[in-house]
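Trainee: Pasting the sequence and the predicted model now:
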Amino acid sequence: MSDDRSGALGSRAWQAVQLARHPKRPHALDYIQKVFTEFDEVHGDRAFGDDPAIVCGFAFFEGQPVMVVGEQKGRDTKQKLFRNFGMPKPEGYRKAIRAMQMAAKFNRPVITLLDTPGAYPGIDAEERGQAEAIARNLREMARLPVPVICVCIGEGGSGGALALGVGNHVFMMENAVYSVISPESCAAIIWRDSAKAELAASALRLTATDLVGLGIVDGIVPEPPDGAHADPDAAARSLADRLRQSLSELGAMTDAELVQHRYEKFRRMGNFVK
């Protein structure tokens, strides 16, 4: 690949990273307010406590009862500290799967909104079983006998996002990014220089277009020309349109078909031999 071509790809990928992190970009609660009605939040994991980095609760989408689970970043400094910058701890993931299992009990579709730089890597989170909580979510989400729709609305950071990302349909907002590692961390590991984050962003193939091409993501939710932050209402309408279509498609499947569909979807990932 020529230097010019590589540079262009890097610039586009890095621009997506910057838009996904824009300080005015809509977060999970913004979409919940605009897209859903009668949101009734669920708190606590029934083991340790509540984690404000993940919000979940019963709601209605155009009259249909659903369960919404989202990773929530803060807007100002006080909120960012309260939400732990959108980095969940084990109790957050345990709360999320508790809510999803309640949704399955009452036969309600699950909709997750992914937006985190990654799971919190602190000592307290590790002491309470961060890796186990994420792994358990992956297993239990794969088994849910209801439609599961996942939408990456901003940053999809590694296992921190994937722990809420095992769905029948996985979508990305147009300027969202989804990756195993942040560009800065990748550059620090590969080149020992975090300043090469733009180059790393291109190599990671983390944009919505890249991931649709790789078969990781099922579709792209359009954003306003300048990004979701420029017109949150329009972005919310685009998200609602995608959810409406997806719920209609998945609603025709039986419980067993939904589980098998999810299983086959993830088994195909990374398989490039026909």
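Mentor: Everything's here; your move. Numbering: from 1, shown residues only.
Trainee: how close does the spatially most central residue of the chain get to Lys89?
Mentor: Centroid check for the chain by C-alpha atoms, centre = their mean gives Leu114 as the closest residue, at 1.9 Å. In this structure, Leu114 and Lys89 are 16 Å apart, going by C-beta to C-beta, to the nearest Å. The C-beta positions use only the backbone N, C-alpha and C, and glycine is treated the same way.
Trainee: Report the rounded mean pLDDT for the helix or strand hosting the residue nearest to the centre of the chain.
Mentor: Take DSSP states H and E as the rule and Leu114 turns out to sit in strand 110-116. Averaged across strand 110-116, pLDDT comes to 97.
Trainee: re the thing from before, test my guess that the residue nearest to the centre of the chain contacts Ile153.
Mentor: Yes. Taking contacts as C-beta atoms under 8 Å, Leu114 lies within contact range of Ile153: 6.6 Å.
Trainee: if I look at those two, which residues touch both of them?
Mentor: Gly70 (C-beta atoms under 8 Å, 6 or more residues apart in numbering).
Trainee: Quick one: name whatever helix or strand follows the helix or strand bottoming out on mean pLDDT in the chain.
Mentor: Lowest mean confidence among the helices and strands of the chain (mean pLDDT, DSSP states H and E): helix 3-20, at a mean of 72. Next along the chain after helix 3-20, taking DSSP H and E as the criterion, comes helix 28-35.
Trainee: now what about that following helix, what contacts it?
Mentor: With C-beta under 8 Å, 6+ apart, helix 28-35 has contacts from 26, 39, 55, 59, 61, 68, 70-72, 113, 115, 153, 232-233, 235-236, 239-240, 243.
Trainee: Show me what the residue nearest to the centre of the chain bridges to in the sheet.
Mentor: For Leu114, the beta-bridge partners under DSSP bridges are Cys152.
Trainee: now Val35: how far from Arg98?
Mentor: Using C-beta to C-beta, Val35 is found at 23 Å from Arg98.
Trainee: For these two, work out which one has more neighbours and name it.
Mentor: Val35 (20 against 17; other C-beta atoms under 10 Å).
Trainee: Sketch out the strands for the protein, chain order is fine.
Mentor: 37-42, 54-61, 64-71, 110-116, 148-157, 169-173, 177-179, 219-221 (DSSP state E).
Trainee: Check which residues of the third one are buried.
Mentor: In other words, strand 64-71. In terms of neighbour count (16 or more other C-beta atoms under 10 Å), strand 64-71 has its buried residues at Val66, Met67, Val68, Val69, Gly70, Glu71.
Trainee: Just put the residues you listed in JSON lines and tack on distance to Arg12 and pLDDT.
Mentor: Formatted as JSON lines, the entries for those read as follows, by distance: C-beta to C-beta, whole Å; pLDDT from 0 to 100:
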{"residue": "Val66", "distance to Arg12": "34", "pLDDT": "98"}
{"residue": "Met67", "distance to Arg12": "35", "pLDDT": "98"}
{"residue": "Val68", "distance to Arg12": "31", "pLDDT": "98"}
{"residue": "Val69", "distance to Arg12": "30", "pLDDT": "98"}
{"residue": "Gly70", "distance to Arg12": "27", "pLDDT": "97"}
{"residue": "Glu71", "distance to Arg12": "25", "pLDDT": "97"}
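Trainee: got those residues as TSV, with distance to Val212 columns?
Mentor: Below are the buried residues of strand 64-71 laid out as TSV (distance: C-beta to C-beta, whole Å):
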residue	distance to Val212
Val66	24
Met67	26
Val68	24
Val69	23
Gly70	22
Glu71	21
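Trainee: Out of these, which is nearest to Ile216?
Mentor: Checking these against Ile216 by C-beta to C-beta gives Glu71 as the nearest, at 18.4 Å.
Trainee: which residues sit in contact with the residue nearest to that closest one when sequence neighbours are not counted?
Mentor: Using C-beta to C-beta, 6 or more residues apart in numbering and skipping residues adjacent in sequence, the residue nearest Glu71 is Thr116, 4.4 Å away. Contacts here follow C-beta under 8 Å, 6+ apart; on that basis Thr116 touches Ala53, Glu71, Lys73, Gly86, Met87, Pro88, Glu155, Gly156, Gly157, Gly160, Ala161.
Trainee: now swap in Ile54 and tell me
Mentor: Ile54 neighbours (C-beta under 8 Å, 6+ apart): Val69, Gly70, Glu71, Gln72, Pro88, Gly92, Tyr93, Lys95, Ala96, Leu164.
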